[in-house]
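# Mind looking at a prediction? Sequence and model below.
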Amino acid sequence: MRNKYLKKILCSVLSTLMFLLPVSTVYAYDETGAPIVTATPTPDPHTEFYNQAPSTDNIPGWPQGPKIEGESAILVDMITGTVLYSKNADKVQYPASITKIMTALLAAEHLDMKGKLVMSESAAHGITISDSSSIYADTGEELTMEQAMMAVMLQSANEMTLALAEETSGSVKKFVELMNLKARLLGCTGTHFNNPNGLPDELHYTTASDMAKIARAAWFNPTFRKFATTAYYEIPPTNKFAETRYLLNHHKMMKGNTRAYDGVLGGKTGYTDAAGNTLVTYARRGNLYLVSVVMKSVNGAYSDTAALLDYGFNNFTRSAVKTEPSEISISCLPCEKYILKDYKNSVLFYRIQLPSVTLPNGTDINTLKKSRKFKKNPAGLPLLEITYSFNGQQTGFARYYQKTLLSDLLI
């Protein structure tokens, strides 16, 4: 088993050195692990989804989106939540290993990353699929929580998702329930998880839109962000494994890799025969933070992702909305002084951050439409949101928190 793992390490190391070779080349491996040079990755002919226009092309004045090979895709500004590109984003798809973003997020939220875990029999040997991504952890092996998380996000180790699930919830079944609860809290409407790793299961599915919500929420967790952006990590020998494990991030668009793209920070790859290639990518240029999700694509989905990121960075700008007040107050009539504690000026709502919007280049902020509504807040009192839209497309929002209830002002 260890020889098999060392062979996989050799293949991974070889893949990281391939940035010295032409980018247009695709690599396979022979029985010794040596690379085999094959043809260009661009499908010929294109996939049946290539000429399908994104739904965002129907927005008047919106930049026309690129053609991509994937069946489903979405590009979202992570700060404002603006959907810049959407193609079959609500169509149910199999996610494969991008599932692990949700697993890692929940582990980051519930576990002490300075702690340790001991591999159970059910976690170490619970994956029966041959050639499953693994670090070959054994029953009774002691690993730090950080090592387990790195194994999940870099090596895509399926047995380590079982270990994290058990550590978080006591069992994989209960952890899956937590995954689905979290998905609903994030506003996912087309998602049902049935395992923590994304291995083939007819009851395990999501959409590009839902996956973007999950990935966006995960990015704002600094613990998760550490693991999603790490390129290389070593696990030293343990009580059960004598050699050092070398983990390399599988995302080839990160700096120094074969498909390196300026601004890519990290993400998660995925593949099964049923799912095709799935890819979540985080990227930043200037003050524009983007997350792209591509599902049911080919050749790693890297060409699709590069086209989406080019489209986003070249056509959109995020700008601050400086016209909104920091507080929303009410001014009462003089006669109300007999029933209110402070009738002259009472602050009801306040905001924490300066709102911003993401718009096509050259768009005048003053032309945006505004709407106000109360929104449910799982953590407390309802929120007041001011939404900004461009020809019907939401481009940002201002969020206000309740400071005082009107009932509290009564004498």
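Looks like it came in fine.
# any idea which helix or strand carries the most centrally placed residue in the chain?
For the chain, A215 is the residue whose C-alpha lies nearest the centre (CA atoms, centre = their mean; 1.9 Å). Following DSSP states H and E, one finds A215 within helix 208-219.
# What's the mean pLDDT across that helix?
Helix 208-219 comes out with an average pLDDT of 98.
# What separation do you get for E109 and K100?
Distance of E109 to K100, computed by CB to CB, to the nearest Å: 15 Å. (Each C-beta comes from the backbone N, C-alpha and C, glycine too.)
# before we move on, which element is M149 in?
helix 145-153.
# The helix or strand following that helix to helix 145-153, inter-axis angle?
Using DSSP H and E, the helix or strand that follows helix 145-153 in sequence is helix 158-169. Orientation note: helix 158-169 sits at an angle of 130 degrees relative to helix 145-153 (axes from the mean of the first three to the mean of the last three CA atoms, to 10 degrees).
# send the alpha carbons of helix 158-169 over as CSV?
C-alpha atoms of helix 158-169 as CSV (Å, rounded to 0.1, in the frame of the first residue of the first chain):
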residue,chain,number,x,y,z
ASN,A,158,-11.7,10.5,0.8
GLU,A,159,-11.1,8.6,4.0
MET,A,160,-10.1,11.8,5.7
THR,A,161,-13.5,13.3,5.0
LEU,A,162,-15.0,10.4,6.9
ALA,A,163,-12.6,11.0,9.8
LEU,A,164,-13.5,14.7,9.9
ALA,A,165,-17.2,13.9,9.7
GLU,A,166,-17.0,11.5,12.7
GLU,A,167,-14.9,14.0,14.6
THR,A,168,-17.4,16.8,14.0
SER,A,169,-20.8,15.0,14.4
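# So between E109 and K100, which is more surrounded?
Neighbour totals were compared for E109 and K100, and K100 leads with 30 against 15 (other CB atoms under 10 Å).
# Quick check: closest non-adjacent residue to the more buried one.
Excluding the flanking residues, the one nearest K100 by CB to CB, 6 or more residues apart in numbering is V152, at 5.3 Å.
# what packs against the helix holding A215?
Contacts defined by 3 or more CB pairs under 8 Å, 6 or more residues apart in numbering; DSSP states H and E place helix 208-219 against strand 72-77, strand 83-87, helix 100-110, helix 172-185, helix 222-228, strand 276-285, strand 288-297.
# Which among the ones you listed is found nearest to S120?
Closest approach to S120 among the helices and strands packed on helix 208-219 is made by helix 172-185 (10.4 Å; CB to CB).
# Run through who's touching that closest one.
For helix 172-185, the surrounding residues in contact (CB atoms under 8 Å, 6 or more residues apart in numbering) are 102-103, 105-106, 122, 126, 162, 164-166, 168-169, 191-196, 206, 210, 214, 378.
# Show the buried residues in the residues you listed.
Listed as buried from the contacts of helix 172-185 are 102-103, 105-106, 126, 162, 164-166, 168-169, 191, 193-196, 206, 210, 214; burial here means 16 or more other CB atoms under 10 Å.
# picking up where we left off before, test my guess that the residue nearest to the centre of the chain contacts L290.
No. With contact defined as CB atoms under 8 Å, A215 does not reach L290; the gap is 10.8 Å.
# overlap in contacts of the two?
Listed contacts common to A215 and L290 are Y282; contacts here mean CB under 8 Å, 6+ apart.
# quick one: the helices in the stretch 301-411 of the chain?
With helices called from DSSP state H, counting those that start in this stretch, the stretch 301-411 of the chain shows them at 302-315.
# Output the below-cut-off pLDDT ranges for it.
330-345, 404-411 (pLDDT under 70).
# What ranges does it have for its strands?
Here the stretch 301-411 of the chain has its strands, by DSSP state E, counting those that start in this stretch, at 316-320, 327-330, 346-350, 356-360, 369-375, 383-390, 393-402.
# Deepest in the core, which of those is it.
Most buried of those by mean neighbour count (mean count of other CB atoms under 10 Å) is strand 356-360; its value is a mean of 24.
# can you give me the offset of the helix holding M149 from its chain's centre?
17 Å (CA atoms, centre = their mean, to the nearest Å).
# tell me which residues in it are buried?
Of the residues in helix 145-153, M145, E146, Q147, A148, M149, M150, A151, V152, M153 count as buried by neighbour count, 16+ other CB under 10 Å.
# From F227, how far off is the first one?
This points to M145. Applying CB to CB to M145 and F227 gives a distance of 11 Å.
# just the third one next, same as before
When distance is defined by CB to CB, Q147 is 11 Å away from F227.
# cool, and the second one?
Between E146 and F227 the distance is 8 Å, computed by CB to CB.
# swap in the fifth one?
Relative to F227, M149 is positioned 5 Å away (CB to CB).
# what touches both of those two?
Joint contacts of M149 and F227 (CB under 8 Å, 6+ apart) are A104, A108.
# Counting neighbours, what do you get for S86?
23.
# swap that for K252, sorry
Residues within reach of K252, counting by other CB under 10 Å, total 21.
# So it is in contact with Y302, correct?
Yes. Shown here, K252 and Y302 form a contact pair, counting by CB under 8 Å, at 6.1 Å.
# Show me the common contact partners of these two, please.
Common neighbours of K252 and Y302, using CB under 8 Å, 6+ apart, are R259.
# in what helix or strand does H46 lie?
Counting by DSSP H and E, H46 is part of no helix or strand.
# Nearest spatial neighbour of it, chain-adjacent residues omitted?
Per CB to CB, 6+ apart, closest to H46 is E69, 6.3 Å.
# returning to what we had before: hang on, isn't the residue nearest to K100 packed against M160?
Yes. Counting by CB under 8 Å, V152 does reach M160; the two are 5.0 Å apart.
# Need the residues touching each of the two.
Counting by CB under 8 Å, 6+ apart, nothing touches both V152 and M160.
# picking that back up, residues making contact with the helix holding M149?
Helix 145-153 has contacts (CB under 8 Å, 6+ apart) with 100, 103-104, 107-108, 111-117, 135, 137, 143, 157, 160-161, 163-164, 167, 227-228, 230, 233, 235, 245, 247, 249, 268.
# repeat for stretch 368-380
The contact list for stretch 368-380 (CB under 8 Å, 6+ apart) reads 185, 357, 359, 382-390, 395, 401-402.
# Mind doing that once more with 6 Å?
L185, P382, L383, L384, E385, I386, T387, Y388, S389, F390 (CB atoms under 6 Å, 6 or more residues apart in numbering).
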